[in-house]
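J.: Sharing a sequence plus its predicted fold:
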Amino acid sequence: MPVSLFICPLCQSPLQPATDTWRCDGSLHPKQTSHPFDVARQGYVNLLPVQQKKSKAPGDSQASISARKRFLNNGHYAPLQHLISQKMVALLSPSEQVAEPIIKKNIKPVNWLDIGCGEGYYTQAMAQLGSEVIDTLIAADISKPALVELAKVSKASERLWYQKDATTKTTMIYPLVTSAANLPLRAHSVTGISSIFSPILPKAFADVLAADGYLIIAKPDVGHLATLRDALFDSVREHDSDKFLQELSPYFTLIDTHRVNTNMTLAADDLADLMTMTPYAYRARSEKRQALLAAVDNEAFTTEAKFVVYVLQKTADK
């Protein structure tokens, strides 16, 4: 892997991965100072300087992460996971034939960034596509507890970057604690970015994407979890799924839009986890949440998850 794929979050000098400590060469620092970043025992690297934090513990809480891990591992959002993997294969596999003339096939896709990866439910599915599709998978999130979970799973499945050897043909994962607004990546160094229910930063994404690079965005669609929201809130504001497309237009061209819906019948435990992993955990009144959970003790709750997935490509001259 190129030495210069990663850059130091403090001075932007080239940053070299290593098993125990990542270290920049200090070439862009006024005093040629080299900055070290230790690899945590779980396998992630914290590249989020204190000055880039807006709180002591930014990102999702441990409770939210644990709830999301249980809920997703029960397969409730598996159709979305499968759709995203299918679209990545269509974009990146040389053997796939895609009609859109704007798409230029990569002979050998190299680097993919999964931004706002959380505990890694979608990241792990991407890694399973294999090195024929993705060589290097950078999993980035601002939440350290989320990266701990992702790194532990990646290590157990021998997908961490330092577990690669000459015979390894799997996609290797680099779990990074970092800010999406200050990505520690060399300009134009990644083939594609996925942002699944995560913030959209058009310029930051365009800066690290290679020419004709891809951007996959997943958002809740109109009507997502409608019965749940009706039960929790007196008035419901509908999702405006495509409001960010105009902000992306100076940098990206929309190639395609896909929708996927899935009906869910949820017992009390799954419903509690769903509420905990969403903003409903703090936006809904406690008495509303408790009343809904009490009702589910007698009868399972049904709702429909609705998602929209946008596939975009970086504009050539950006």
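T.: Good, I have the coordinates. What you see is a predicted model; the values in this text were computed from it and never measured.
J.: C-alpha from now on. contacts and neighbour counts both.
T.: OK.
J.: mind checking the SS state of Gly43?
T.: Secondary structure, DSSP: H, G, I helix; E, B strand; the rest coil: Gly43 is coil.
J.: Need phi/psi at it.
T.: phi 120, psi 0 (degrees, to the nearest 10).
J.: Next, count neighbours for it.
T.: 25 (other C-alpha atoms under 10 Å).
J.: Might you list the low-confidence residue ranges for the stretch 51-200 of the chain?
T.: 51-57, 94-109, 166, 168 (pLDDT under 70).
J.: in it, which spans are helices?
T.: For the stretch 51-200 of the chain, the helices defined by DSSP state H, counting those that start in this stretch occupy 62-73, 78-92, 121-127, 144-156.
J.: Quick check: buried residues in the longest one?
T.: Within helix 78-92, the residues that qualify as buried are Ala78, Leu80, Gln81, Ile84, Ser85, Met88, Val89, Ala90, Leu91, Leu92, counting by 16 or more other C-alpha atoms under 10 Å.
J.: Compile the helices of the stretch 51-200 of the chain into TSV and extend it with columns for distance to Cys11.
T.: Supplementary listing: the helices of the stretch 51-200 of the chain in TSV, determined by distance: least, C-alpha to C-alpha, whole Å:
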stretch	distance to Cys11
helix 62-73	31
helix 78-92	33
helix 121-127	28
helix 144-156	22
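J.: so which of those helices gets nearest Thr21?
T.: For Thr21, the closest of the helices of the stretch 51-200 of the chain is helix 144-156, at 15.9 Å, according to C-alpha to C-alpha.
J.: Give me the distance from that closest one to the chain's centre.
T.: 13 Å (C-alpha atoms, centre = their mean, to the nearest Å).
J.: And that helix, what does it pack against?
T.: Helices and strands touching helix 144-156, by 3 or more C-alpha pairs under 8 Å, 6 or more residues apart in numbering; DSSP states H and E, are helix 62-73, strand 172-177.
J.: So which of these has the densest surroundings on average?
T.: When you average the neighbours per residue for each of these (mean count of other C-alpha atoms under 10 Å), strand 172-177 leads with a mean of 27.
J.: which residues sit against that one?
T.: Under the contact criterion C-alpha atoms under 8 Å, 6 or more residues apart in numbering, strand 172-177 has outside partners 43-48, 127, 135-144, 147, 150-151, 154, 159-161, 164.
J.: ditto for stretch 221-235
T.: 236, 238-241, 259, 280, 284-285, 288-289, 292, 302-308.
J.: what about that stretch, start to end distance?
T.: 18 Å (C-alpha to C-alpha, to the nearest Å).
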